[in-house]
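> sequence plus the predicted model coming up.
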Amino acid sequence: MDNVGPPLGSLKPEECPKACDFRCSATSHQKPCLFFCNLCCKKCLCVPSGTYGHKEECPCYNNWKNKDGGPKCP
């Protein structure tokens, strides 16, 4: 199994923009994706691998909900 990226919850805040650039690279909604990804990354110090899904890798990122109970983090 390939170990992709740093261990969970081990990102430094200054690493968030690069991780979120990749996380949001496949969406057509770049600005909101990058805004919320960076917000979540700075709180959780974790961004799930890939451009979609894999949120179980980052429980903090996965469990942070918006006011309507939907996912806050892309």
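Noted; the coordinates are in hand.

> so how far is Lys67 from the most centrally placed residue in the chain?
With distances taken as C-alpha atoms, centre = their mean, Val47 lies nearest the centre of the chain, 3.3 Å away. Per C-beta to C-beta, to the nearest Å, Val47 is found 22 Å from Lys67. All C-beta atoms are positioned from the backbone trio N, CA, C, and that covers glycine.

> the closest residue to the residue nearest to the centre of the chain other than its chain neighbours: neighbouring residues, count only.
Once flanking residues are discounted, Val47 sits nearest to Ala19: 4.0 Å by C-beta to C-beta, 6 or more residues apart in numbering. For Ala19, the count of nearby residues is 20 (other C-beta atoms under 10 Å).

> now the phi/psi pair for Ala19, please.
Note on Ala19: its backbone torsions stand at phi -60, psi -40 [degrees, to the nearest 10].

> now do the contacts for it.
By C-beta atoms under 8 Å, 6 or more residues apart in numbering, the contact set of Ala19 is Gly5, Leu11, Cys37, Cys41, Val47.

> now the two most distant members of those.
Greatest spatial distance among these (C-beta to C-beta): Gly5 and Cys37, at 14.1 Å.

> pretty sure Asp21 sits in a helix.
Yes: judged by DSSP: H, G, I helix; E, B strand; the rest coil, Asp21 forms part of a helix.

> can you give me the pLDDT of it?
What the model reports for Asp21 is a pLDDT of 98.

> tell me the pLDDT at Asp2?
pLDDT, read off for Asp2, is 40.

> before we move on, back to that, adding secondary structure, write the contacts of Ala19 out as TSV.
Formatted as TSV, those follow (three-state DSSP):
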residue	secondary structure
Gly5	coil
Leu11	coil
Cys37	helix
Cys41	helix
Val47	coil
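
> fine, thanks again, bye for now.
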